[in-house]
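Q: Generate a structure from the sequence data that follows.
(one chain, ligands or ions: 1)
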Amino acid sequence: MYYNFDEEIDRTQSSCVKYELLRAVFGRTDILPMWIADMDFKTPDFILNAIKERCSHGILGYTCAPKTYKDAVLSWFERRYRIKTTWENMHFIPGIVQGIAFVIQAFTQPDDKILLATPIYPPFLNVPKNTGRIVVNSTLLLKNGHLEFDFQDLEAKAKECKMMILVNPHNPGGRVWTKEELRQVAEICFKHHVLVISDEIHADLTLPGFEHISFSTVSPQAADNSITFFAPSKTFNMPGLASSVCYVENENIRKQYFAYLDANELSLGNIFAFVGAEAAFRYGEPWLEQLLVYLQDNINFVEQYLRENLPSVKMIKPEASFLIWLDFRQWAMSQTDLMRFLTDKAKVGFVNGTDYGIDGTGFMRMNIACPRKIVQEALERIKKAASL
Ligand SMILES: Cc1ncc(COP(=O)(O)O)c(C=O)c1O
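A: Numbers count the residues shown, from 1 in each chain. The predicted structure is shown next:
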């Protein structure tokens, strides 16, 4: 079966955040939105059909996680992450950000310190701050064309922290961390009693030539000192269904976390999350393989376009997912001027690099999960505005 990722679908009348919040976020609506991390591709039919079929039953009552859903999740874990486990070690979670916010509440107190390797996905800066925790950041180094940990700095900072939130693969840098890198993170955190939260939402979007390594699999220390989050939401363009899972091997950590979720009545999922996720994990692989090829081609397109037309804009080539971290530092503009230029002159909506922390100064994040025509249009707009 061939899937057509060039199809353009009008999302404007669908209450989608990407369009609905344009004015609130960018101050105008006449821009190409390439910001929030969902895709403009159609959610695959095997997911939509499963939902329609469930609707045909006629009653949408309280629903618990079906065995068929749990089996599909477990099978996906074994096939794709080399995690062979049972449902007892897992828990349904609506959204990953919520799941991590619950972990913060369950395992830390106000004024505790949380370690982040920055730049990082903005909610991981905001949730700790908004709940009275203190963020400690270790700047990722731009080396060999991609982001790398500064392990000396990470270890120095880990000594004072209770928890580390690791984004694996990384957003915004698109890094697929190697086993050796993850092993070092595990060792440092274990040594200093820092609980590792591994957010692996982008795992399935690891691009050809790279391999996703799930954190808990890298060493006994990693398995014993972590909570890992996964979701089909990015992969199959269904974040509106809020369907994620967490996986915890250590019994004490698991009991403490699951008890927190149960005590706060956070355990019940919802019908369409189960149905959608089960369909994704059961039937999704052929679609995903084609998606990854299309995304890689979009990334290659951006790389070539920049090289030929805008060589002063450098791209940190992603190893996973559909988000490109663009380096505009050669333009030597203030962050405000750069954002204004892109929004008001080029009329493209990228995420401001400093939303990912101060280390994002001079950078912008571009979402290329859309028909190639749109990617091309965005780049042409920037080129044209830059030549005015
Ligand atoms: C690293 C990362 N974690 C979590 C999320 C959001 O997850 P959820 O919608 O499940 O809260 C995103 C969305 O962009 C993300 O990039």
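Q: The residue in the chain positioned nearest to the ligand: what's it in contact with?
A: Nearest residue of the chain to the ligand, counting by C-beta to the nearest ligand atom: residue 95, 3.0 Å away. Any C-beta I mention is one placed from the backbone N, CA and C, and that applies to glycine too. Going by C-beta atoms under 8 Å, 6 or more residues apart in numbering, residue 95 touches 231, 233, 239, 242, 244.
Q: The same query, at a cut-off of 6 Å, please.
A: For residue 95, the residues meeting the contact criterion (C-beta atoms under 6 Å, 6 or more residues apart in numbering) are residue 242.
Q: Now it. Its backbone dihedrals?
A: For residue 95, the backbone dihedrals (degrees, to the nearest 10) come out as phi -110, psi 160.
Q: Same check on residue 121?
A: Backbone geometry at residue 121, expressed as degrees, to the nearest 10, gives phi -50, psi 120.
Q: Then residue 346?
A: Note on residue 346: backbone dihedrals following degrees, to the nearest 10 are phi -80, psi -20.
Q: Check the burial of the nearest residue to it once chain neighbours are set aside by counting its neighbours.
A: Ranked by C-beta to C-beta, 6 or more residues apart in numbering and with sequence neighbours excluded, the top spatial neighbour of residue 346 is residue 385, at 3.9 Å. Using other C-beta atoms under 10 Å, residue 385 has 15 other residues around it.
Q: Also residue 30?
A: Counted with other C-beta under 10 Å, residue 30 comes out at 9.
Q: From residue 366, how far out is the residue lying closest to it once chain neighbours are set aside?
A: Excluding its sequence neighbours, the residue lying closest to residue 30 (C-beta to C-beta, 6+ apart) is residue 347, at 6.2 Å. Residue 347 sits 14 Å away from residue 366, going by C-beta to C-beta, to the nearest Å.
Q: Please apply the same query to residue 34.
A: 5 Å.
Q: hey, what's in contact with both of those two?
A: Listed as contacting both residue 34 and residue 366 by C-beta under 6 Å, 6+ apart are residue 350.
Q: Please identify which of the two sits among more neighbours.
A: Using other C-beta under 10 Å as the criterion, residue 34 and residue 366 rank with residue 34 on top: 26 against 23.
Q: who touches that one in this structure?
A: When the contact criterion is C-beta under 6 Å, 6+ apart, the partners of residue 34 are 349, 350, 366, 367, 378.
Q: Compute the distance between the residue of the chain closest to the ligand and residue 37, please.
A: From residue 95 to residue 37 the distance is 12 Å (C-beta to C-beta).
Q: Going along the chain, name the helices of the stretch 51-200 of the chain.
A: Counting by DSSP state H, counting those that start in this stretch, residue ranges of the helices within the stretch 51-200 of the chain are 67-76, 96-107, 123-130, 151-158, 179-191.
Q: From the contact counts, what lies against the second one?
A: Using 3 or more C-beta pairs under 6 Å, 6 or more residues apart in numbering; DSSP states H and E as the contact definition, the elements that helix 96-107 packs against are strand 195-199, strand 226-230.
Q: do the fourth one as well
A: Judged by 3+ C-beta pairs under 6 Å, 6+ apart, helix 151-158 is in contact with strand 134-139, helix 179-191.
Q: As CSV, these with mean neighbour count, mean pLDDT and distance to the ligand would be great.
A: Output for the helices and strands packed on helix 151-158, formatted as CSV (neighbours: other C-beta atoms under 10 Å; pLDDT from 0 to 100; distance: least, C-beta to the nearest ligand atom, whole Å):
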stretch, mean neighbour count, mean pLDDT, distance to the ligand
strand 134-139, 18, 98, 16
helix 179-191, 19, 98, 16
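Q: Show me which helix runs longest in this structure.
A: Here the longest helix in the chain is taken by residue count, with DSSP state H as the criterion, and it is helix 285-309.
Q: Rounded mean pLDDT for that one, please.
A: The predicted model assigns helix 285-309 a mean pLDDT of 98.
Q: what angle do it and helix 67-76 make?
A: Put simply, helix 285-309 runs at 50 degrees to helix 67-76, going by axes from the mean of the first three to the mean of the last three C-alpha atoms, to 10 degrees.
Q: Can you point out the buried residues in stretch 95-112?
A: Buried residues in stretch 95-112, counted by 16 or more other C-beta atoms under 10 Å: 95-97, 99-104, 106-108, 112.
Q: can you pull out the helices in the stretch 251-388 of the chain?
A: Under the criterion DSSP H, counting those that start in this stretch, the stretch 251-388 of the chain contains helices at 251-263, 271-283, 285-309, 335-340, 372-387.
Q: ok, and which of the ones you listed has the densest surroundings?
A: Among those, the stretch with the highest mean neighbour count (mean count of other C-beta atoms under 10 Å) is helix 271-283, at a mean of 23.
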